[in-house]
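In: any chance you could fold what I've pasted below:
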Amino acid sequence: MASKTVLMIGTRKGLWLATSDDDRRTWKVRGPEEAMSEVHSVAVDTRGSTPRLFMGSKSWHWGPQVLRSDDLGATWQRPADGAFKFPEDTGTSLEAVWAIAPSPCEEGVVWAGTEPQGLFRSTDNGETFSLVRGLWNHPHRPEWGAGFGGPAIHTVLPHPTDPRQVTVAMSTGGVYRTLDGGETWKPANQGIKAEFFPGEVQYPEFGQCVHKVARDSGDPDRLYAQNHGGVFRSDDAGEKWSSIANGLPADFGFSVVAHPRRSGTLYLFPLDAAEGRWPHEGRARVYRSRDAGQSWEGLGKGLPDEGFWSAVMRDAMCADDGEPTGVYFGSRDGTVFASADEGDSWQSVAEHLPDVLCVRAAVL
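Out: Residues are numbered from 1 along each chain as shown. Below is the predicted model:
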């Protein structure tokens, strides 16, 4: 039986929505919404009887905010009090919302990561948000730096069964985790390299430019990280990390995606070193591991085999929860590709869009 799939595509000039009613064989694309707004984050919340879409938009008129839609993007609601804001006593202005993550184990809870490096929590399904003071007041915060894309918390990973545990990642600063619901936070970067530091301090307690972190679907203590130079795995929730880059054409990149059901399966889009930031030899290739990073296979059927000199950003790759799983990525040249068979083959969903910043998909 055919199912409906929705794919959210956030760009530097608005949001596009792609839908498929025939098991992801053909797509209808509409947009833009919030034209001329930078859409840094999107999410599809399927916890309720009606799916809720979220859009982290940076409007030149309204400022940064989280919009929501309960009718698959036909209409959008803005926050009742205007822009998404830092409290006045922080002396800080919000630049962008870089991550939106509905909690898998707490009804009504939605997390948001921001630039500058703030973590916010909503208990009313994303209608209002409050700053998590425990992380904002962390003594390391004055030393967190700004990655090339800005000083942002770009990864928020609520634990699937324990609401007290949340893992975040930021550029630059690295990985941090809480075990008490956000009251206290500890860095979790042992083994992750900071190659831009002098040799003797390339493995600091914090300060790494982690580009993205994903959680394994079968083992919540197993994490995968794409770093600024390095691909890593942790089997103990971030206490220690080890390299899994062997077999990849390059260890630089931005995105990492874990399969939603198959433990040990993950996807990367490697790029040549930071000086180039394009696929090796201009060939668009997604790399898949089925054994938690011990080995890798390049997936390119239907993808450009030459002349592809574009990058895939940290949130511009995702997987849906269908069977088989669909995998998606969007590039900085405005092309969006989809695979309906877990990466074995690919087709173009959209072309010539603005710079793609983020994608999220769900089978409804």
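In: switch to C-alpha atoms for all contacts and neighbour counts from now on
Out: OK.
In: show me the shaky parts of the protein.
Out: Where the chain drops to pLDDT under 70, the residues are 1-2, 82.
In: in it, which spans are helices?
Out: Secondary structure of the chain (DSSP state H): helices located at 133-136.
In: for the spatially most central residue of it, give the beta-bridge partners.
Out: The residue lying closest to the centre of the chain (C-alpha atoms, centre = their mean) is Asp315, at 3.6 Å. Taking DSSP bridges as the rule, Asp315 bridges to Cys358.
In: ranges for the strands of the stretch 51-200 of the chain?
Out: Using DSSP state E, counting those that start in this stretch, the strands found in the stretch 51-200 of the chain span residues 52-59, 63-69, 96-102, 110-115, 118-122, 130-131, 152-158, 166-171, 174-178, 186-187.
In: swap that for the stretch 251-364 of the chain, please
Out: Counting by DSSP E, counting those that start in this stretch, the strands of the stretch 251-364 of the chain are 256-258, 266-268, 286-289, 297-299, 317-319, 327-330, 336-339, 347-350, 356-363.
In: what packs against the first one?
Out: Meaning strand 256-258. Contacts defined by 3 or more C-alpha pairs under 8 Å, 6 or more residues apart in numbering; DSSP states H and E place strand 256-258 against strand 210-215, strand 223-227, strand 266-268, strand 317-319.
In: how about the last one?
Out: Helices and strands touching strand 356-363, as assessed by 3+ C-alpha pairs under 8 Å, 6+ apart, comprise strand 5-11, strand 38-45, strand 317-319, strand 327-330.
In: is it true that the residue nearest to the centre of the chain touches Arg332?
Out: No. Counting by C-alpha atoms under 8 Å, Asp315 does not reach Arg332; the two are 11.8 Å apart.
In: measure the closest residue to Gln190 other than its chain neighbours to Leu179 for me?
Out: Distances taken as C-alpha to C-alpha, 6 or more residues apart in numbering place Lys240 nearest to Gln190, at 5.0 Å, with adjacent residues excluded. Note on Lys240: its distance to Leu179, by C-alpha to C-alpha, to the nearest Å, is 16 Å.
In: ok, Thr172 next?
Out: 22 Å.
In: try Leu135
Out: Taken as C-alpha to C-alpha, the span from Leu135 to Leu179 is 12 Å.
In: the two: which is more packed in?
Out: Ranked by neighbour count (other C-alpha atoms under 10 Å), Leu135 and Leu179 place Leu135 first, with 22 against 16.
In: what residues are up against the more buried one?
Out: Taking C-alpha atoms under 8 Å, 6 or more residues apart in numbering, we find Leu135 in contact with 118-119, 182-185.
In: let me have the strands of the stretch 51-200 of the chain in JSON lines, extended by distance to Arg261 and mean neighbour count.
Out: JSON lines is the format used below for those (distance: least, C-alpha to C-alpha, whole Å; neighbours: other C-alpha atoms under 10 Å):
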{"stretch": "strand 52-59", "distance to Arg261": "22", "mean neighbour count": "25"}
{"stretch": "strand 63-69", "distance to Arg261": "27", "mean neighbour count": "22"}
{"stretch": "strand 96-102", "distance to Arg261": "18", "mean neighbour count": "26"}
{"stretch": "strand 110-115", "distance to Arg261": "22", "mean neighbour count": "25"}
{"stretch": "strand 118-122", "distance to Arg261": "26", "mean neighbour count": "23"}
{"stretch": "strand 130-131", "distance to Arg261": "32", "mean neighbour count": "17"}
{"stretch": "strand 152-158", "distance to Arg261": "16", "mean neighbour count": "26"}
{"stretch": "strand 166-171", "distance to Arg261": "20", "mean neighbour count": "26"}
{"stretch": "strand 174-178", "distance to Arg261": "23", "mean neighbour count": "24"}
{"stretch": "strand 186-187", "distance to Arg261": "28", "mean neighbour count": "18"}
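In: any chance of those strands in JSON lines, with distance to Asp219 too?
Out: JSON lines is the format used below for the strands of the stretch 51-200 of the chain (distance: least, C-alpha to C-alpha, whole Å):
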{"stretch": "strand 52-59", "distance to Asp219": "27"}
{"stretch": "strand 63-69", "distance to Asp219": "31"}
{"stretch": "strand 96-102", "distance to Asp219": "19"}
{"stretch": "strand 110-115", "distance to Asp219": "21"}
{"stretch": "strand 118-122", "distance to Asp219": "24"}
{"stretch": "strand 130-131", "distance to Asp219": "29"}
{"stretch": "strand 152-158", "distance to Asp219": "13"}
{"stretch": "strand 166-171", "distance to Asp219": "14"}
{"stretch": "strand 174-178", "distance to Asp219": "17"}
{"stretch": "strand 186-187", "distance to Asp219": "21"}
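In: against Val336, how distant is Gly307?
Out: From Gly307 to Val336 the distance is 16 Å (C-alpha to C-alpha).
In: Ala273 now?
Out: 23 Å.
In: returning to that earlier point: between the helices and strands packed on strand 256-258, which one is closest to Pro249.
Out: Closest to Pro249 of the helices and strands packed on strand 256-258 is strand 266-268 (C-alpha to C-alpha; 11.1 Å).
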